[in-house]
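1. Pasting a predicted model and its sequence here:
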Amino acid sequence: MLDRRYVADNVDLIIANCCKRGSTADVARFAELDRLRRSMQADIDSLNQQAGVVSKSIGKAADANQREALKAEGRRLREEIGASEGRLQQIVSESDEILRAIPNLTHPDAPTGGEDASVEIRRGRTPSPQFDFKPLDHVELGARLKLFDFDAGAKVAGHGFYFLTNEGVLLELALQKYAVDLLMREQFTVMTTPDLARDTILEGTGFMPRGPETQIYSITGSDLSLVATAEITLGGAMHERIFEADELPLKLCGISHCFRTEAGAHGRATRGLYRVHQFTKVEMFAFTLPEQSADMHAYLLDLECALFDGLGIPYRVIDTASGDLGGPAYRKYDLEAWMPGRGEQGEWGEVTSTSNCTDYQARRLAIRYRTPGEKGTSFVHTLNGTAIAMSRAIIAILENYQCADGSVVVPEALVPWVGTSRLTPRG
RNA sequence: GGAUGGGUGGCAGAGCGGUUGAAUGCACCGGUCUUGAAAACCGGCAGUCGCGAAAGCGGCUCGUGGGUUCAAAUCCCACCCCAUCCGCCA
């Protein structure tokens, strides 16, 4: 959420930004409502003041007659106030709804436009593999190696769910340990996190539970939803927190399951592990001072690169275009890994993403910091980044490390935990 | 699921229906003292919204929402949250 005052004072700028972002938020309507709100607030304030004066005078009334007259006057004023407040409340709630839908500002260097406008800014250290055979996709590889069971997943929970089996499990555990080890070396505080969160926390983080187009599973009869990412819980963990400036930046890393309905995504790259309703993810999250967030963002991106370089997976880095940033992000970088088994010739597929949300999440989550010697508090900046999303990392590993005989080499970095350097087909 | 207790300013913690936006302590800021620091002492110190160029003025806020009243942190109702104990349980 942006600052109400800032939006009201910069309507043209905000409209232009919404346009870049592909947001349909009715900013002009917001501005109109906010003007109305201000003038009504002024009226109510003055009525309140009058009522207060009347109330105080009752105690000093000369006689019973005067007292009754004053009481009547007070009653009349309060009724008038009540009516005005009702109308004001409607205006506020309508304008709030618009305000919440307005996306964050956009970094001036972020490319403008839709998905096609996104810009590749970097390649990973590992070149794309050249096969002298027709590479298989991860579904086929996994079937031969018995790494997952989609039939059982569908039987138990429906399409989009799966069981990991055998070394598939070891791969996932290895990836988690690999990511966590690196992040602990980088002084992140590692934690496992709740897989459910209150709707207020989801909303504070910029997710919309229970809408018609929601990506979120909700628990009926409660205000809880399954989290779509640990970003929600890690950000929510500091709800209403006031940091001392010297406590920042704070770097957290959370392991959670992620649940997504993927509403409206049917038919699009739904094969195998690519788009599933549940996966496990190691997520990075940072709280910073405003002046630290740009550097932190670059740092999170570097860590994502280091993780995938360390796995020997080819990837490219995308500077996400304005129309694809979603609500909270001010700027976003995606890592897209090369997936040789996708499509006809192989395709890039998103494996991680890191966003600088500036103060957009912090405002709704009420996460602030205090600077010694300065009055008041300011909102922190929040950033998030995928360390490793298990399902997609597994796709990238299987497809890039496959051999002509259907075996798959285990990335050097994972061998200690997988316990073998090669996965071979089982009879 | 059952029982009890509790939600007040950055924290801790008082609070009689009107003079309490809120005692007190801690923390914090400024000052005196000191070579410096500590201690002691003096002073200041909630947030937010509106009007205003500013100084300032005014409103609202004591978990949330309703109610009683001229007037509610204080009385009534509902709900939410937190803690502890009991039951169940990995």
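-> Yep, it's here. Every value quoted in this text rests on a predicted model; they were computed, and no experiment measured them.
2. RNA strand B contacts on the stretch 201-350 of chain A?
-> A:D223, A:I242 (Cβ under 7 Å from any atom of the strand). From N, CA and C alone the C-beta is placed, and that goes for glycine too.
3. any weak-confidence spans in the stretch 201-350 of chain A?
-> Counting by pLDDT under 70, the stretch 201-350 of chain A has low-confidence residues at A:264-269.
4. Now do the helices for it: every range, in order, please.
-> Ranges of helices in the stretch 201-350 of chain A, per DSSP state H, counting those that start in this stretch, are A:230-236, A:293-311.
5. Would you mind finding the most buried of these?
-> Comparing those by mean neighbour count (mean count of other Cβ atoms under 10 Å), helix A:230-236 ranks first with a mean of 28.
6. Can you tell me the SS state at A:I388?
-> Look at A:I388: counting by DSSP: H, G, I helix; E, B strand; the rest coil, its state is strand.
7. Just give me the neighbour total for A:A245.
-> For A:A245, the tally of surrounding residues (other Cβ atoms under 10 Å) stands at 15.
8. Please read the previous query as pertaining to A:P111.
-> The burial count for A:P111: 19, using other Cβ under 10 Å.
9. secondary structure element for it?
-> If you go by DSSP states H and E, A:P111 is not part of any helix or strand.
10. So it is in contact with A:I318, correct?
-> No - applying Cβ atoms under 8 Å, one finds A:P111 not in contact with A:I318, separated by 9.4 Å.
11. Between these two, which contacts overlap?
-> Residues touching both A:P111 and A:I318 by Cβ atoms under 8 Å, 6 or more residues apart in numbering: A:S118, A:V119.
12. Please parse chain A into its domains.
-> A:4-101, A:115-423 (automatic domain parsing).
13. who's in contact with the closest residue to RNA strand B within chain A?
-> For chain A and RNA strand B, the shortest gap (Cβ to the nearest atom of the strand) falls at A:G74, measuring 2.5 Å. Residues near A:G74 by Cβ under 8 Å, 6+ apart: A:A51, A:V54, A:S55, A:I58.
14. With A:E32 as the reference, measure out to it.
-> 34 Å (Cβ to Cβ, to the nearest Å).
15. got any ranges where the stretch 51-200 of chain A has weak pLDDT?
-> The model of the stretch 51-200 of chain A has pLDDT under 70 over residues A:59-62.
16. For the host helix or strand of A:R5, name the packing helices and strands.
-> A:R5 is part of helix A:4-9 when elements are defined by DSSP H and E. Judged by 3 or more Cβ pairs under 8 Å, 6 or more residues apart in numbering; DSSP states H and E, the packing partners of helix A:4-9 are helix A:27-58, helix A:64-101.
17. Now do the shortest one and helix A:64-101, the angle between them.
-> So the one you mean is helix A:27-58. Helix A:27-58 runs at 160 degrees relative to helix A:64-101, counting by axes from the mean of the first three to the mean of the last three Cα atoms, to 10 degrees.
18. Helix A:27-58 - contacts with which helices or strands?
-> If contacts are counted by 3+ Cβ pairs under 8 Å, 6+ apart, helix A:27-58 sits against helix A:4-9, helix A:11-21, helix A:64-101.
19. Now tabulate those helices in JSON lines and tack on distance to A:E399.
-> Formatted as JSON lines, the helices and strands packed on helix A:27-58 follow (distance: least, Cβ to Cβ, whole Å):
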{"stretch": "helix A:4-9", "distance to A:E399": "45"}
{"stretch": "helix A:11-21", "distance to A:E399": "33"}
{"stretch": "helix A:64-101", "distance to A:E399": "39"}
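20. between those, which gets nearest to A:R185?
-> Taking Cβ to Cβ, helix A:11-21 is the member of the helices and strands packed on helix A:27-58 nearest to A:R185, at 36.7 Å.
21. which of the residues in the closest one are buried?
-> Going by neighbour count (16 or more other Cβ atoms under 10 Å), the buried part of helix A:11-21 is A:I14, A:I15, A:N17, A:C18, A:K20, A:R21.
22. How many neighbouring residues does A:E262 have?
-> 14.
23. dump the residue contacts of it.
-> A:E262 neighbours (Cβ under 8 Å, 6+ apart): A:G160, A:Q215, A:T270, A:R275, A:H277.
24. Make a markdown table from the helices of the stretch 201-350 of chain A and add distance to A:A42 to it.
-> Listed next are the helices of the stretch 201-350 of chain A as a markdown table, based on distance: least, Cβ to Cβ, whole Å:
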| stretch | distance to A:A42 |
| --- | --- |
| helix A:230-236 | 36 |
| helix A:293-311 | 37 |
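25. near RNA strand B, which residues of the stretch 51-200 of chain A show up?
-> Neighbours of RNA strand B within the stretch 51-200 of chain A, by Cβ under 7 Å from any atom of the strand: A:A51, A:G52, A:V54, A:S55, A:K56, A:I58, A:G59, A:L70, A:K71, A:G74, A:R75, A:R78.
26. The third one and A:A72 touch, don't they?
-> No - under the criterion of Cβ under 8 Å, A:V54 lies out of contact with A:A72, with a separation of 9.7 Å.
27. what about the residue nearest to A:A152 when sequence neighbours are not counted, distance to A:R35?
-> Leaving aside its sequence neighbours, A:A152 sits nearest to A:F163 (Cβ to Cβ, 6 or more residues apart in numbering; 4.9 Å). Note on A:F163: its distance to A:R35, by Cβ to Cβ, is 58 Å.
28. quick one, which of the two is more surrounded?
-> A:F163 (16 against 12).
29. which residues does the more buried one form a beta bridge with?
-> Legend: beta-bridge partners of A:F163 under DSSP bridges are A:D149.
30. And it, how far from A:E68?
-> 78 Å.
31. try A:H381
-> A:H381 is 58 Å from A:E68, by Cβ to Cβ.
32. residues in contact with the residue nearest to A:I313 when sequence neighbours are not counted?
-> The spatial neighbour of A:I313 that comes closest, neighbours along the chain excluded (Cβ to Cβ, 6+ apart), is A:A396 at 4.8 Å. Counting by Cβ under 8 Å, 6+ apart, A:A396 touches A:F308, A:L311, A:I313, A:Y315, A:A337, A:W338, A:M339, A:G349, A:V351.
33. Help me confirm that A:R87 comes into contact with A:M40.
-> Yes - taking contacts as Cβ under 8 Å, A:R87 lies within contact range of A:M40: 6.9 Å.
34. So which of the contacts of A:A396 belong to strands?
-> Among the contacts of A:A396, the ones falling in strands (DSSP state E) are A:Y315, A:A337, A:W338, A:M339, A:G349, A:V351.
35. Against A:G312, how distant is the third one?
-> Think A:W338. For A:W338, the distance to A:G312 - Cβ to Cβ - is 11 Å.
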